[in-house]
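K.L.:
heads up, no residue letters with this:
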């Protein structure tokens, strides 16, 4: 693990049947890398092209990668271990999907609701006794960032919180998240500190999630409605990721906040045939993380256009 300031990394030509992005494979949908033309002297860019300047990044740690070409656009303390707050719930959803069937029914218990209320956490407005499907609860985890939904799923599919966290850490190891450690299913500082990860590892996890046919759909949903039935109330959940309402091609993935972690954001978008994934950890201001992410996506798109004009 190493620390450091912002590194801006130019595009490199990558060849071969499997394209790697700083240690993790690009999605299967990615287009093959283009072979750069060979020049005897470095060509001057056309007059119409001006190299775009990187936007300011106030987050403690950041990472931005084009998984289609393998270009790492920005790396700022990307391997520094820091708390990640509710970005933890991305792994919670990933583990649940491998332990459960989407049609399984989970009964919400008092401890699930009490856990969210006692910690003043974001919640899905669940009530004890409600019975919802795993599919619905996964939306409750990912969109409103429900600590109550996370607690209920971990309780059932550990079974118990401790066993579920062990499964989360086993999954992290299997995915090669070398600087990630989970201590609960929601990233809250209590109990047991909330765990840690890195901007690089969270980008790696986002890449995995976006290739999953179920989680990719959930992460990209702006609004989800659960109609009332005889076993649960009606619920309407809006995604806390504002980029879904601001950036054409946005794909999710997750927001997070605790006092220790600051404002966090894992995000992605498909831009002109390129998939770009980014992570911001520890921004002091909530709204600024979204503005920064939007500017980074615009910058990455402009950078790609500039590189293509060389």
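P.N.:
Yep, that arrived. None of these values were measured; they are calculated from a predicted model.

K.L.:
ok, residue 112 touching residue 156?
P.N.:
No - at 9.7 Å, residue 112 does not count as touching residue 156 under the criterion of C-beta atoms under 8 Å. Yep, even glycine has a C-beta here, placed from its N, CA and C like the rest.

K.L.:
tell me which helix or strand residue 168 sits in.
P.N.:
In this structure, residue 168 sits in helix 161-174 according to DSSP states H and E.

K.L.:
check which element follows that helix along the chain.
P.N.:
Heading C-terminal from helix 161-174, the first helix or strand you meet, by DSSP H and E, is helix 199-210.

K.L.:
how about residue 198, nearest residue that isn't a chain neighbour?
P.N.:
residue 179 (4.5 Å; C-beta to C-beta, 6 or more residues apart in numbering).

K.L.:
who touches the one you found in this structure?
P.N.:
Residue 179 makes contacts with 1, 79, 81, 196-198, 200-201, as judged by C-beta atoms under 8 Å, 6 or more residues apart in numbering.

K.L.:
show me which of the residues you listed are buried.
P.N.:
Buried members of the contacts of residue 179, scored by 16 or more other C-beta atoms under 10 Å, are 79, 81, 196-198, 200-201.

K.L.:
tally of neighbours for the closest residue to residue 166 other than its chain neighbours?
P.N.:
Using C-beta to C-beta, 6+ apart and skipping residues adjacent in sequence, the residue nearest residue 166 is residue 158, 7.9 Å away. Neighbourhood size, residue 158 [other C-beta atoms under 10 Å]: 18.

K.L.:
if I pick residue 158, what's in contact with it?
P.N.:
Taking C-beta under 8 Å, 6+ apart as the test, what residue 158 contacts is 164-167.

K.L.:
what mean pLDDT does the biggest helix by length in the chain have?
P.N.:
Among the segments of the chain that qualify as a helix by DSSP state H, the longest is helix 286-309. Helix 286-309 carries an average pLDDT of 91.

K.L.:
got it, and stretch 65-72?
P.N.:
Per-residue scores along stretch 65-72 average to 97.

K.L.:
any stretches of the stretch 51-200 of the chain with poor pLDDT?
P.N.:
Low-confidence segments of the stretch 51-200 of the chain (pLDDT under 70): 51.

K.L.:
that older thread, buried subset of the contacts of residue 158 as a ChimeraX selection?
P.N.:
Buried residues among those (16+ other C-beta under 10 Å), as a ChimeraX selection:
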select :164,165,167
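
K.L.:
out of the contacts of residue 158, who's nearest residue 134?
P.N.:
Among the contacts of residue 158, residue 164 lies closest to residue 134 (C-beta to C-beta), at 13.6 Å.

K.L.:
residue nearest the centroid of the chain?
P.N.:
Residue closest to the mean C-alpha point of the chain, counted by C-alpha atoms, centre = their mean, is residue 266 at 3.6 Å.

K.L.:
count of residues packed around residue 62?
P.N.:
Residue 62: 27 surrounding residues under other C-beta under 10 Å.

K.L.:
who's in contact with residue 285?
P.N.:
Applying C-beta under 8 Å, 6+ apart to residue 285 gives the contacts 58, 263.

K.L.:
and with 10 Å instead?
P.N.:
The contact partners of residue 285, by C-beta atoms under 10 Å, 6 or more residues apart in numbering, come to 58-59, 262-263, 291-292.

K.L.:
report the two of those separated the most.
P.N.:
Of all pairs in the contacts of residue 285, the most separated under C-beta to C-beta is 262 and 291 at 15.2 Å.

K.L.:
who's more crowded, the two?
P.N.:
residue 262 (24 against 14).

K.L.:
quick one: that one from residue 153, how far?
P.N.:
Residue 262 sits 26 Å away from residue 153, going by C-beta to C-beta, to the nearest Å.

K.L.:
great, nothing more from me.
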